[in-house]
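Novice: predicted model and sequence below, questions to follow.
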2 protein chains.
Amino acid sequence: MARRSDHTRDELKELAIAAGCALIVEKGFAQFSARGVAGRIGYTVGTLYNVFGSLDEFILCLNARTLDAWYDYLCAAIDGAKSGQLLKLAMAYINFAQQHVNLWSALFLHQSEQEVPDWYKAKTRRFFDLVESVLAGQSNEDEKTIRIQAKTLWAGIHGICVLSLGNQLAQVDAGSAETLARHLIEALVVEKD
Amino acid sequence: MARRSDHTRDELKELAIAAGCALIVEKGFAQFSARGVAGRIGYTVGTLYNVFGSLDEFILCLNARTLDAWYDYLCAAIDGAKSGQLLKLAMAYINFAQQHVNLWSALFLHQSEQEVPDWYKAKTRRFFDLVESVLAGQSNEDEKTIRIQAKTLWAGIHGICVLSLGNQLAQVDAGSAETLARHLIEALVVEKD
DNA sequence: ATTGTTATTGAACGTTGTATAATTATAGTG
DNA sequence: CACTATAATTATACAACGTTCAATAACAAT
């Protein structure tokens, strides 16, 4: 019952990615499976392997989609703002993670067996560059310091996000993720005079 | 061929946990399996289920062991030191994670299906308390501020650690995990006068 | 000895990732 | 239009996994 004209290769890819994301959203990454996705799009696992090569690659594509959406979300958050961009960035970071917990968690839950390909690395690197450029417009430190500041800040926000979504911050009261993020930024970044 | 006097229930538990940790150390959490552990200790999966009830519970015990070792390591690092305790704490944090990547990663890779039991929560809570107490001896802010500082700091170090071990910091040069941690602490904490 | 209890096993079930041979649909060619 | 080559899709198979449970073995008590 091979249907070849139902969907082009690209349509199929898109179909599978959409279904994969939906599956992760609904059931979480732990319940994600190739057969689950295949069933949702009316194909068989074999087709997925034919299109993506391996499950690893497939998940990489799924996570890449999330990275793109996340990045766009961050860009939109600071678009047109001239002050407090860092805070807006941090809040957008946290908001996205909270609103798409399962997709966001999948980014870090999936441990690729192979070395992560360059095109994927580039997608994660963009985030650093974003923070760095925002920071550069707000601080008058030298480039090296800004680089370190950006990494520290980014990692810090990430840590807050991870622990917050893992409910490992909730048990210790005092301060939501947003509060901590604000605290971190205020301490770490000295506003330009 | 049931042998009942070979090991008491507690010995068996200890045996299984040790073998489980060894398996994670050697092959990583992704390759961990109940059958793998059972094989190493010369028992069957059924026995593990009998002793631990479920795989979830078993892994919880494994991670608890890691948490204990980690906590002890942190305590030892600041034992007897009267200055720069925070930095020592952060470095110990990072050192432990680096030296026991697989065990440390398992702590966050394992997503328990059930709500995490209280005895386990207590073990993670201790870490916050530790940071908080160190911070209290070093700062003269009020309690609430210290609480927030502790959480921000802890989450920040954690984020640095996560990204560092995931090689997501390496691609952006400038600054090891240790450098970032030092930077974070200096910015976040104002030493007592 | 016999019994009751409990640890341990072995086998089974459903599901997973992965590979491959067998099918089927299409494109190309005469 | 018929025939063939090519590529997509399926069906099937395999080993390993988590999980359950009846059968079995070992022990404690009487």
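Specialist: Looks like it came in fine.

Novice: now the residue in chain A positioned nearest to DNA strand D: how far from A:Ile59?
Specialist: Nearest residue of chain A to DNA strand D (Cβ to the nearest atom of the strand) works out as A:Gly46 at 2.4 Å. For every residue, glycine as well, the C-beta is placed using N, CA and C. From A:Gly46 across to A:Ile59, the span is 17 Å (Cβ to Cβ, to the nearest Å).

Novice: residues contacting A:Asp118?
Specialist: Listed by Cβ atoms under 8 Å, 6 or more residues apart in numbering or on different chains, the contact set of A:Asp118 is empty.

Novice: any low-confidence regions in chain A?
Specialist: Filtered on pLDDT under 70, chain A yields the residue ranges A:1-5, A:169-175, A:190-193.

Novice: where exactly do the strands run in it?
Specialist: Remark: no strands are assigned in chain A by DSSP state E.

Novice: could you chop it up by domain?
Specialist: Residue ranges for the domains of chain A, per automatic domain parsing: A:1-53, A:67-188.

Novice: most tightly surrounded among these?
Specialist: When these are scored by mean count of other Cβ atoms under 10 Å in any protein chain shown, the highest mean neighbour count falls to domain A:67-188 (a mean of 18).

Novice: so what's the one residue in chain A that gets nearest to chain B up against?
Specialist: As assessed by Cβ to the nearest Cβ, chain B sits closest to A:Gly159 within chain A, at 2.4 Å. Neighbour list for A:Gly159: B:154-162 [criterion: Cβ under 8 Å, 6+ apart].

Novice: on that earlier part again, need the domains of chain A in JSON lines (columns: distance to B:His110).
Specialist: JSON lines is the format used below for those (distance: least, Cβ to Cβ, whole Å):
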{"stretch": "domain A:1-53", "distance to B:His110": "10"}
{"stretch": "domain A:67-188", "distance to B:His110": "10"}
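
Novice: mind listing the helices for chain A?
Specialist: A:9-27, A:34-41, A:45-52, A:55-78, A:85-99, A:101-109, A:118-136, A:143-165, A:177-188 (DSSP state H).

Novice: would you format those helices as a markdown table with distance to DNA strand C included?
Specialist: Formatted as a markdown table, these follow (distance: least, Cβ to the nearest atom of the strand, whole Å):
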| stretch | distance to DNA strand C |
| --- | --- |
| helix A:9-27 | 10 |
| helix A:34-41 | 4 |
| helix A:45-52 | 4 |
| helix A:55-78 | 3 |
| helix A:85-99 | 24 |
| helix A:101-109 | 13 |
| helix A:118-136 | 17 |
| helix A:143-165 | 23 |
| helix A:177-188 | 31 |
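
Novice: and those as JSON lines, adding distance to B:Asn102?
Specialist: Converted to JSON lines, these look like this (distance: least, Cβ to Cβ, whole Å):
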{"stretch": "helix A:9-27", "distance to B:Asn102": "25"}
{"stretch": "helix A:34-41", "distance to B:Asn102": "26"}
{"stretch": "helix A:45-52", "distance to B:Asn102": "27"}
{"stretch": "helix A:55-78", "distance to B:Asn102": "19"}
{"stretch": "helix A:85-99", "distance to B:Asn102": "25"}
{"stretch": "helix A:101-109", "distance to B:Asn102": "15"}
{"stretch": "helix A:118-136", "distance to B:Asn102": "22"}
{"stretch": "helix A:143-165", "distance to B:Asn102": "18"}
{"stretch": "helix A:177-188", "distance to B:Asn102": "28"}
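
Novice: the ones you listed: which one's closest to B:Leu89?
Specialist: The closest of the helices of chain A to B:Leu89 is helix A:143-165. By Cβ to Cβ, the value is 14.9 Å.

Novice: what's the spacing between that closest one and its chain's center?
Specialist: Relative to its chain's centre, helix A:143-165 lies at 14 Å (Cα atoms, centre = their mean, to the nearest Å).

Novice: what is the orientation angle of it with helix A:177-188?
Specialist: 160 degrees (axes from the mean of the first three to the mean of the last three Cα atoms, to 10 degrees).

Novice: now helix A:143-165 against helix A:85-99, angle please.
Specialist: 30 degrees.

Novice: and the angle from helix A:143-165 to helix B:118-136?
Specialist: Going by the same axes, to 10 degrees, helix A:143-165 makes 140 degrees with helix B:118-136.

Novice: next up, the contacts around the residue most central in space within chain A.
Specialist: By Cα atoms, centre = their mean, chain A has its centre lying nearest to A:Leu67, at 4.0 Å. Listed by Cβ under 8 Å, 6+ apart, the contact partners of A:Leu67 are A:107, A:123-124.

Novice: do the same with A:Ala106
Specialist: Shown in contact with A:Ala106 (Cβ under 8 Å, 6+ apart): A:24, A:29, A:32, A:59, A:62-63, A:66.

Novice: closest to B:Ile41 out of these?
Specialist: Checking the contacts of A:Ala106 against B:Ile41 by Cβ to Cβ gives A:Phe29 as the nearest, at 30.3 Å.

Novice: for DNA strand C, see how far away the closest one is.
Specialist: 10 Å (Cβ to the nearest atom of the strand, to the nearest Å).

Novice: contacting residues for that residue?
Specialist: Contacts of A:Phe29 (Cβ under 8 Å, 6+ apart): A:102, A:105-106, A:109-110, B:111.

Novice: A:Pro117 against A:Cys61, yeah?
Specialist: No. Counting by Cβ atoms under 8 Å, A:Pro117 stays clear of A:Cys61, with 10.7 Å between them.

Novice: could I get the contacts of A:Phe29 as CSV with distance to B:Val51?
Specialist: Listed next are the contacts of A:Phe29 as CSV, based on distance: Cβ to Cβ, whole Å:
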residue, distance to B:Val51
A:Asn102, 32
A:Ser105, 30
A:Ala106, 32
A:Leu109, 28
A:His110, 31
B:Gln111, 22
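
Novice: which one of the residues you listed is nearest to B:Tyr71?
Specialist: Nearest to B:Tyr71 among the contacts of A:Phe29, with distances taken as Cβ to Cβ, is B:Gln111, at 21.9 Å.
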